[in-house]
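Student: no FASTA, just this:
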Ligand SMILES: NC(=O)c1ccc[n+]([C@@H]2O[C@H](COP(=O)([O-])OP(=O)(O)OC[C@H]3O[C@@H](n4cnc5c(N)ncnc54)[C@H](O)[C@@H]3O)[C@@H](O)[C@H]2O)c1
């Protein structure tokens, strides 16, 4: 993650110097002085940018360029405000600021009922209390039909508790809901709020969605041209409030927006705390579904006391939201993209350290400092305790379809990988591709797994570069049409040359040898290095055909069955030398070796055989290369230190299912 921090400009009680000293590289700011709907002048953007730069950081994300109410309602003047919005985008792009956060919540922005909920240690956090919000709605706002928007027990308690509210409590709740939350557009009185609500009487969920999609489709081509990424902030709390629709609250909402606005640059601010404001949201699931278009991240957590009542967690990592898993997913997404995403610690509690300054609610120094430190520690631990980190891995077949994905995964987890290809040029291309993504611990090696001299030369090159070998992955292998018999079974109507009796011996030998001997020779060469070094591990590539042979592919099936057997043999043989030997048995992945068997020439329609495979796979799909990554890391790392001689199927259940 790129460490971000929200800074409210010159009005902020926290100085840029303090922010820099927190370890921040990327400042998240806006022209808060500008009225909603104004064009942001280039000179003002540059002045703020300059201030941030002079402090040794970069203003890289805008939070927010607020969307004028007339755009949300598509009411009088909205066209002018869209034009203004576009001009602000041009001006930001001219200054090189290209990630823009905004939201589409009508009238109110994020909503809390208490900005100073006290914790046992005396620090305070923000709270959303459903009973307090309900009481405000029923008795202060006096909104018609409000009761139906709250659970019956919440209404009952609001009715019971409100008469006991002091005038101070009424003011606290009203002010918390209507006034002064940082980043919100306007402070409102109850009367003004009532008036504004009237303007939304005819704007329901569907209409508001339509208005969002129209707005985004209007600005998207320009943003794309300018290279600007738009990152909509989810609703907070993520559900309708005070009868106002909220349309960016759930996984379905996000995916609908992606579909209706089909531009990659129109994406999401993944705010864990806001999404966590709905107990039904599964933030991990949402991240996975939305990952490709997440342009900016806020990490914080929430703790529920009951129903929909929550307060912001004093610890960014613990609470309802599984931040550890989300950080892991973020790292994976960053690895996939080859670039880091700006993350800011969102909100923080108010602690003693800040008692002499007036911070914006949620935007304390101490609370966010702790939050950032927690996030940084989590990221560091996830990146550095990976058991493949630092291992020297010799990977044969590394330029193949499965190999390419697995090698990238291993590099992204900190391994050093010798990318071995049959042709040096292919290995060099693969290494260059990895370097482009920022993975430089890769070495291109030419290696023919059937030629001992070539394997030994590869060994010498790896030892020269890294001085040792920890792991060997034997992924070179595959099938070939010349090693298969065209007919599944021999019947009287089948031509003899299409049966077992027509098998081309050279083809049979080629496939059998490539897979089996191509595993044996590198094992012999590299396990000797490991034995001399005190240990290591080997991962062979087996197949579904090893458990039960598949029709047509006699040579391949026999070789892969041999590999399964050999895996157990070698595991036993080398256990005293602290070398573990395991195998992966991938199910069906469409790759070069089987494309001709599973897909018709159009590369889309399944062959009869392809259909049979899907029907015998309980998960009803082919695998994707990335499905093999975690199983591979597990078998190569010390996580599996007592596992040897096994063949692990990664197959969507193919082996388990008898077909009946
Ligand atoms: N794709 C699947 O569905 C599937 C299923 C089960 C097992 N496997 C096994 O996984 C492994 C990787 O398969 P893939 O699908 O990535 O295949 P692939 O054809 O994309 O890759 C195989 C690689 O092996 C290399 N190779 C071929 N002959 C070689 C030789 N003599 N010396 C060195 N390298 C050589 C090729 O250049 C290629 O880069 C293979 O062992 C394969 O049998 C694949």
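Tutor: Thanks, I have the structure now. Values in this document were obtained by computation on a predicted structure and should not be read as measured data.

Student: would you map the helices across the stretch 501-650 of the chain?
Tutor: 505-512, 518-533, 544-547, 554-574, 595-598, 608-616, 629-636 (DSSP state H, counting those that start in this stretch).

Student: residues contacting the residue lying closest to residue 32 once chain neighbours are set aside?
Tutor: Using Cβ to Cβ, 6 or more residues apart in numbering and skipping the chain neighbours, the partner closest in space to residue 32 is residue 9 (5.4 Å). C-betas here are computed from N, CA, C, even on glycine. Taking Cβ atoms under 8 Å, 6 or more residues apart in numbering as the criterion, residue 9 is in contact with 29-33, 48.

Student: name the SS class of residue 93, please.
Tutor: Look at residue 93: counting by DSSP: H, G, I helix; E, B strand; the rest coil, its state is helix.

Student: grab the nearest non-local neighbour of it.
Tutor: residue 226 (3.8 Å).

Student: check contacts around the one you found.
Tutor: Residue 226 makes contacts with 89-90, 93, 98, as judged by Cβ under 8 Å, 6+ apart.

Student: same question for residue 402.
Tutor: With Cβ under 8 Å, 6+ apart, residue 402 has these contacts: 475, 541, 586, 589, 591, 625, 628.

Student: look up how far residue 587 lies from it.
Tutor: Computed as Cβ to Cβ, to the nearest Å, the residue 402 to residue 587 distance reads 12 Å.

Student: same question for residue 364.
Tutor: 51 Å.

Student: wouldn't residue 522 be in contact with residue 473 here?
Tutor: No. With contacts counted by Cβ atoms under 8 Å, residue 522 stays clear of residue 473, the gap being 9.2 Å.

Student: quick one: residue 267 is in a helix?
Tutor: No. Read with three-state DSSP, residue 267 is strand and lies in no helix.

Student: what about it, distance to residue 176?
Tutor: 30 Å.

Student: how deep is the closest residue to the ligand within the stretch 151-300 of the chain tucked in, by neighbour count?
Tutor: Nearest to the ligand in the stretch 151-300 of the chain, going by Cβ to the nearest ligand atom, is residue 288, at a distance of 23.5 Å. Look at residue 288: counted by other Cβ atoms under 10 Å, it has 15 neighbours.

Student: quick one: it is in a strand?
Tutor: No. Assigned with three-state DSSP, residue 288 falls outside any strand and is helix.

Student: and the pLDDT at it?
Tutor: Residue 288 is assigned a predicted lDDT (pLDDT) of 94.

Student: among the helices of the stretch 501-650 of the chain, which is nearest residue 124?
Tutor: Proximity of these to residue 124 was assessed by Cβ to Cβ; the nearest stretch is helix 629-636, lying at 41.0 Å.

Student: any idea how far the closest one is from the middle of the chain?
Tutor: 19 Å (Cα atoms, centre = their mean, to the nearest Å).

Student: does the ligand sit close to it?
Tutor: No. Helix 629-636 does not reach the ligand (Cβ under 6 Å from any ligand atom); its nearest approach is 11.1 Å.

Student: what do you get for stretch 611-618?
Tutor: No. Stretch 611-618 lies apart from the ligand when judged by Cβ under 6 Å from any ligand atom; the minimum separation is 9.6 Å.

Student: report the mean per-residue pLDDT for that stretch.
Tutor: On average, stretch 611-618 scores 94.

Student: what comes up buried for that stretch?
Tutor: 612-614, 616-617 (16 or more other Cβ atoms under 10 Å).

Student: with stretch 596-615 instead?
Tutor: For stretch 596-615, by 16+ other Cβ under 10 Å, it's 597-599, 610, 612-614.

Student: spatially, which two of the contacts of residue 226 are the most separated?
Tutor: Pairwise distances across the contacts of residue 226 (Cβ to Cβ) peak at 11.7 Å, for the pair 90 and 98.

Student: what does the chain have sitting close to the ligand?
Tutor: So far as Cβ under 6 Å from any ligand atom goes, the chain lies against the ligand at 396-397, 399-403, 421-422, 447-450, 475-478, 514, 518, 541, 543, 586, 588-589, 591-594.

Student: of these, just the buried ones, PyMOL syntax please.
Tutor: Here is the PyMOL command that picks out the buried ones among the residues of the chain next to the ligand, judged by 16+ other Cβ under 10 Å:
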select buried, resi 396+397+399+400+401+402+403+421+422+447+448+449+450+475+476+477+478+514+518+541+543+586+588+589+591+593+594
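
Student: okay, now the nearest residue to residue 14 once chain neighbours are set aside: neighbour count?
Tutor: Using Cβ to Cβ, 6+ apart and skipping the chain neighbours, the partner closest in space to residue 14 is residue 365 (4.9 Å). By the criterion of other Cβ under 10 Å, residue 365 has 22 neighbours.

Student: for the closest residue to the residue of the stretch 151-300 of the chain closest to the ligand other than its chain neighbours, pull up the helix or strand it's in.
Tutor: Among residues not flanking residue 288 along the chain, residue 329 sits closest, at 6.6 Å (Cβ to Cβ, 6+ apart). Assigned by DSSP states H and E, residue 329 belongs to helix 323-337.

Student: give me the angle between that helix and helix 629-636.
Tutor: Helix 323-337 and helix 629-636 are oriented at 100 degrees to each other (axes from the mean of the first three to the mean of the last three Cα atoms, to 10 degrees).

Student: so how far is the host helix or strand of residue 285 from its chain's centroid?
Tutor: Taking DSSP H and E as the criterion, residue 285 maps to helix 283-290. Offset of helix 283-290 from its chain centre (Cα atoms, centre = their mean): 7 Å.
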